[in-house]
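Colleague: Mind looking at a prediction? Sequence and model below.
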Amino acid sequence: MLLISVDTAYGKNLSRAKKLAESIYKRHKISWPNVWLDDGWSEAMRRFNLGGYGLTLVGPDGIVRGLDVHDRDLDRLLKPMFKDAKSED
Amino acid sequence: MQHRTITRTCVAGIVLFAATAVAEPPASQPGHVVLTTHKVNKKRSEMTFTGLLPGSKTVRYQRAADINVDGEKFTIYLPKADRYSTKHTGKHANWLGNNSTRVFVDANTDGTLDEHEGWFTDLPVRIADRNYRVEKIANDASRIEMSLLDGPLTGLVLGRKVPPFKLTTADGQTVTPDTYRGKAFLLDIWSVT
């Protein structure tokens, strides 16, 4: 998991957002790396064509397997990847 | 009398030459494409999608154009609009705030469109594994002019390679797609604010 934060879109001072993020990591025991996008939504749009919150699933082959993925979709999307990995062994 | 006729003929000739010169299409540059659009099938002329905020947005399409990219054929859809803009002059860059024209590319060629197939024309539009700049959309939606862009690929497309990125995490580590080579991973766009 790679967290990509667009908090800069909501104000230049990130110190409050960073403090809040730290407390969220602690409370939910999150160890995933987080990137603070310098240019918020503009950068998310420019780099990824993403204009809203959500999860993107990328397969082991680097191919995008899901856009705006929800937890209920994950099993369905991940299964074929594990199947492929098994058959390669 | 003869002199007048010759003069008139010459003037007419110059005017005709000038008109021809103006009407001449610009010399084609490598990677520059001028696409002629066609009417969209009525069944496919409307799309409703929901976004982050409550409510849904319906986009109506009137014309579309086909483009060949590396041997694959894709269709680009133009929304129904009074005018088209390839510039974003609004405050916000997300899909609710960007006021440049949003074109849709049927990336998986299934004949339907979804929200993720939409691209704002102030930004590079990804088609297959290429990025294009939308140079111009004719006011009557009859033509789209686009240029192939050099440089690193941008934009996520389902079923296609994740575009290259090099990002620095809060703890100073550099992450690229290679960081996750051989592993599935999730990109999670979020904010705490």
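Modeller: On my side now, so go ahead. Residues are numbered from 1 along each chain as shown, chains lettered A, B, ... in the order given.
Colleague: list the helices and strands the longest strand seen in chain B packs on?
Modeller: With secondary structure taken from DSSP state E, chain B has its longest strand at strand B:56-69. Using 3 or more CB pairs under 8 Å, 6 or more residues apart in numbering or on different chains; DSSP states H and E as the contact test, the elements touching strand B:56-69 are strand B:32-36, strand B:38-39, strand B:46-50, strand B:72-79, strand B:102-105, strand B:143-148. For glycine as for every other residue, the C-beta is placed from the backbone atoms N, C-alpha and C.
Colleague: nearest to A:N34, of these?
Modeller: Closest to A:N34 of the helices and strands packed on strand B:56-69 is strand B:46-50 (CB to CB; 27.2 Å).
Colleague: State the number of residues packed around B:T176.
Modeller: Taking other CB atoms under 10 Å in any protein chain shown as the neighbour definition, B:T176 ends up with a count of 11.
Colleague: same deal with B:D122?
Modeller: Neighbours of B:D122 (other CB under 10 Å): 21.
Colleague: if I look at it, how far off is A:D75?
Modeller: Spatial separation of B:D122 from A:D75 under the definition CB to CB, to the nearest Å is 38 Å.
Colleague: ranking the helices and strands packed on strand B:56-69 by burial, who's on top?
Modeller: Taking mean count of other CB atoms under 10 Å in any protein chain shown as the contact definition, the stretch among the helices and strands packed on strand B:56-69 with the greatest mean neighbour count is strand B:102-105, which reaches a mean of 22.
Colleague: who does the longest strand of chain B pair up with?
Modeller: strand B:38-39 (antiparallel), strand B:46-50 (antiparallel), strand B:72-79 (antiparallel) (DSSP bridges).
Colleague: what ranges do the helices span in chain A?
Modeller: Under the criterion DSSP state H, chain A carries helices at the ranges A:15-28, A:40-48, A:71-88.
Colleague: right, and those - which one's nearest B:D178?
Modeller: Of all the helices of chain A, it is helix A:40-48 that lies closest to B:D178, at 16.3 Å by CB to CB.
Colleague: what's next to the closest one, contact-wise?
Modeller: Taking contacts as CB atoms under 8 Å, 6 or more residues apart in numbering or on different chains, the residues outside helix A:40-48 that touch it are A:4, A:6-10, A:37, A:39, A:50-51, A:56, B:92-94, B:98, B:120, B:123, B:154-156, B:163, B:165, B:187, B:189.
Colleague: Just the buried residues out of those residues, in PyMOL syntax.
Modeller: Typed into PyMOL, the line below selects the buried ones among the contacts of helix A:40-48, using 16 or more other CB atoms under 10 Å in any protein chain shown:
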select buried, (chain A and resi 4+6+7+8+9+37+50+51+56) or (chain B and resi 92+93+94+98+120+123+154+155+156+163+165+187+189)
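Colleague: what pLDDT does B:L96 get?
Modeller: Predicted confidence (pLDDT) at B:L96: the value is 66.
Colleague: Show me which helix or strand of chain B is least confident by mean pLDDT.
Modeller: Taking mean pLDDT, DSSP states H and E as the measure, helix B:2-23 is the helix or strand of chain B with the lowest mean score, a mean of 47.
Colleague: actually chain A, not the one I typed
Modeller: Sorting the helices and strands of chain A by mean pLDDT, DSSP H and E puts helix A:71-88 at the bottom, at a mean of 78.
Colleague: Give me the buried positions along it.
Modeller: A:78, A:81.
Colleague: where does the residue nearest to B:M146 when sequence neighbours are not counted land in three-state SS?
Modeller: Nearest non-adjacent residue to B:M146, counting by CB to CB, 6 or more residues apart in numbering or on different chains: B:Y132, 4.3 Å away. Local secondary structure at B:Y132 is given as strand here, using DSSP: H, G, I helix; E, B strand; the rest coil.
Colleague: Then the one 4 residues further on?
Modeller: Classification of B:K136 using three-state DSSP returns strand.
Colleague: residues in contact with it?
Modeller: Listed by CB under 8 Å, 6+ apart, the contact partners of B:K136 are B:86, B:143-145.
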